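Asker: Sequence and computational prediction follow.
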Amino acid sequence: MIQKLVISLKKQPIWLILLGMIVLSSVFIPGFLSFGNFSNVLVQSAVDGMLALGMTFLMINGYFDLSVGTVMGFTAALAIGLQPYGLFVAVVVALLAGAVIGAINGFFVAKAKINAFIVTLGSFIGVRGLIYIYTGEQALVGDIMEFGMFGASSFLGLPTLFVIMFVLMLIAEFVLRKTPHGRYTYSIGGNIEASENAGIPVDRTIWLNFIICGLTAAAGGVLLASRLNAATPTLGWPDKNLMTIAVVVLGGTSLAGGYGNITRTLGGLFTFGVLYNILNLLGVQSYYNTLITGIVLILVVYIDAHIRKNKVSIG
Amino acid sequence: MQQAELMANPAEQRTTLMRRIAKATEKHGLIVAFFIVVAFFSIASENFLSPKNVMLVLRQVSILGTIAIGMTIVITVGHFDLSVGSLTSLTAVVVISMHDIVGPVPAMLIAILVGLISGAFIGYLVGYLRLNSLIITLGMLVGLQAIVLIYTGGKYTRIVAPDETWFGFIGRGFLFGVPLPVIILGVLLLIFSVILLKTVFGRQVFSVGGNPTASKFSGISDRKIIFTAFVISGFLTAIAGIIMGSRLMAAQNYLGQGYEFEVIAGVILGGVSLSGGEGNIFKAFIGILIIGILKNGFLLLGFPYYFQWVAQWVIVVGVVWLDVATKRGKVLG
């Protein structure tokens, strides 16, 4: 059991880094080791986690989606703006919108065979236009109080938004590990031609993963809307998409595809969450926060490449 | 005899004609798209083709166009530079704040130095340490923006006495009736096309981007080429930042935010292949020009500015799809 744990920790060094950060901060930073603070971190990572979840599917598949940030902003606006038609309608339409944008992206990548970077860069910019057209450049405020209260509520002592994200992550990990769709995703990410030859429905799997990514981005938008009970046109602009990719990469899922899982993404998510929390508690000016994020990103890629090189030389 | 045969078979004639048209669109699809966009807006708005408006569009695209030259080279060697937006902000802020301390020329040199250092840093990490350029330049996007804010303290930077300096001439001046930024862009386009097409370095750029393994075996140092490409991108972005600063005689902290995406969208529209090895600076500029025309045209027609973003989505994906489809001869792959 312990041996198994050691092996999995060795495979996923992000959890060791996270553990080290938590231990050090608990000792040196007053106010870090408290229930209130932890639940704060969890609430803040719920939305990012939703986005990273879908992105993990796509990245294992060998692609990424630059549109998740603006899709999140668009669906948050829909979830707030459509409340006059009832909360159910608002949430369903928001989720559907995300799935449709994901399906459009997926169609162009899987069927028309256009580079995913181009396709999702296009929808990233285009959906930003949709946000502004829909909101008319205005901030929207929700009038259903229960929606906002839901965003602030707790379930079994944990923030509800986090619980939702965590349950979805468990399901996602199950799908990746135990279902044909999950295995196809790994296989295509590893070697698309071999997968094609083996009779795996390549196009359908890629398409489905783009829809999953759009849907989870929409779910992130809905969660964000319920946390704020409001939406502004600039939500998710300009670099939410890239930061989501960064969370997944920090967790240790390869940008090249075929490798990674949701547990890693969760580790990357918590590490970023705890890092921001520490900087906040230390009263570091927000400008320096941003600088440190940049440095962390560069370091992560550096360490990642270093580890991979050593592995190769050991054999 | 031959003529008679041809005349006897009009169907065959038609297919050759179709094939010719298909071939022409494949080769000049971008130009066709450009003229369609221009024709559309000149019919829809009578002011569109007025000399004043044409100059306005050219001046507006000159900054993105300058950045796009560097981006084209970086993408041609097979990488991305997402840092250009933040670097534009940084160099603009540096040149404006330094102007009142050391004078215009040293301020410009310092801004260029900042661009070169940033480019060299990225070039070292990507070229020599072989790190993923997407994440590295994302780190630079975030990091440089933070440096801008730390440097200015979040304040608006401006030149105190804009009337007492010639610095504004770079961004606002005219030469023979043409805005100076457009002339600068024209000269840079020429210089870098010659570098890309006529020098050893240029050929190595295409070689490294097109087939890294083969170039390695033929003794090309891809590290050096990748490094140089990022340095060029940093240099040109600094020039863009200086022009921007000079035009506004002031700099806001988030000046260049989102430029990276606009430039990449334009460059892709210009047919620069994201898999590397294929790129043409002039075509990339036409791509940027189409993006600029969309921006200008929708405003002229009285649409809110954000309609251009949806149009960009449709046009970028549409043009690339057309390109991919004509190349393989099938709509879907």
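Answerer: Looks like it came in fine.

Asker: Which SSE is immediately downstream of the one helix or strand A:Val249 maps to?
Answerer: In this structure, A:Val249 is located in helix A:240-251 according to DSSP states H and E. Along the chain past helix A:240-251, the next helix or strand (assigned with DSSP H and E) turns out to be helix A:262-281.

Asker: by contact count, what packs against that next one?
Answerer: Contact partners of helix A:262-281 among helices and strands, from 3 or more CB pairs under 8 Å, 6 or more residues apart in numbering or on different chains; DSSP states H and E: helix A:13-28, helix A:35-60, helix A:160-178, helix A:240-251, helix A:286-314. To be clear about C-beta, it is placed using only N, CA and C from the backbone, and glycine gets the same treatment.

Asker: one more time with 6 Å, if that's ok
Answerer: Helices and strands touching helix A:262-281, by 3 or more CB pairs under 6 Å, 6 or more residues apart in numbering or on different chains; DSSP states H and E, are helix A:13-28, helix A:35-60, helix A:160-178, helix A:240-251.

Asker: and the longest one with helix A:262-281, angle?
Answerer: The directions of helix A:35-60 and helix A:262-281 differ by 140 degrees, with axes from the mean of the first three to the mean of the last three CA atoms, to 10 degrees as the criterion.

Asker: hmm, helix A:35-60 touching chain B?
Answerer: No: judged by CB under 6 Å from any CB of the partner chain, helix A:35-60 stays clear of chain B, getting no closer than 11.7 Å.

Asker: next structured bit after that helix?
Answerer: Next helix or strand after helix A:35-60 toward the C-terminus (DSSP H and E): helix A:68-81.

Asker: Show me which residues of chain B sit near chain A.
Answerer: By the rule CB under 6 Å from any CB, the part of chain B lying against chain A is B:131-132, B:135-136, B:138-139, B:142-143, B:146, B:149-150, B:257-258, B:268, B:274, B:306, B:309-310, B:312-313, B:316-317, B:320-321, B:324, B:332-333.

Asker: Now which of those residues would you call buried?
Answerer: Buried residues within the residues of chain B next to chain A, defined by neighbour count using 16 or more other CB atoms under 10 Å in any protein chain shown: B:131-132, B:135-136, B:138-139, B:142-143, B:146, B:149, B:257, B:268, B:274, B:306, B:309-310, B:312-313, B:316-317, B:320-321, B:324.

Asker: Compare the helices and strands packed on helix A:262-281 and report which one is nearest to A:Tyr259.
Answerer: Proximity to A:Tyr259, assessed across those by CB to CB, is greatest for helix A:35-60 (7.0 Å).

Asker: Which strands and helices lie in contact with the closest one?
Answerer: Helices and strands in packing contact with helix A:35-60 are listed as strand A:158-159, helix A:160-178, helix A:180-190, helix A:202-228, helix A:240-251, helix A:262-281; criterion 3+ CB pairs under 6 Å, 6+ apart.

Asker: Pull the number of nearby residues for A:Val93.
Answerer: Taking other CB atoms under 10 Å in any protein chain shown as the criterion, the count of residues near A:Val93 is 17.

Asker: Report the distance from the helix or strand harbouring it to the chain centre.
Answerer: Mapping A:Val93 onto the secondary structure by DSSP H and E places it in helix A:87-106. On the basis of CA atoms, centre = their mean, to the nearest Å, the separation between the geometric centre of helix A:87-106 and that of its chain is 17 Å.

Asker: quick check, it touching chain B?
Answerer: No: on the criterion CB under 6 Å from any CB, helix A:87-106 is out of touch with chain B, staying 8.9 Å away.

Asker: what angle sits between that helix and helix A:68-81?
Answerer: Relative orientation of helix A:87-106 versus helix A:68-81 (the same axes, to 10 degrees): 160 degrees.

Asker: how deep is the closest residue to A:Met21 other than its chain neighbours tucked in, by neighbour count?
Answerer: In space, and not counting its chain neighbours, A:Met21 is closest to A:Val274: 5.4 Å by CB to CB, 6 or more residues apart in numbering or on different chains. Using other CB under 10 Å, A:Val274 has 20 other residues around it.

Asker: now the one 3 residues further on
Answerer: Here the neighbour count serves as a burial measure; for A:Asn277 (other CB under 10 Å) it reads 21.

Asker: Good, we can wrap up now.
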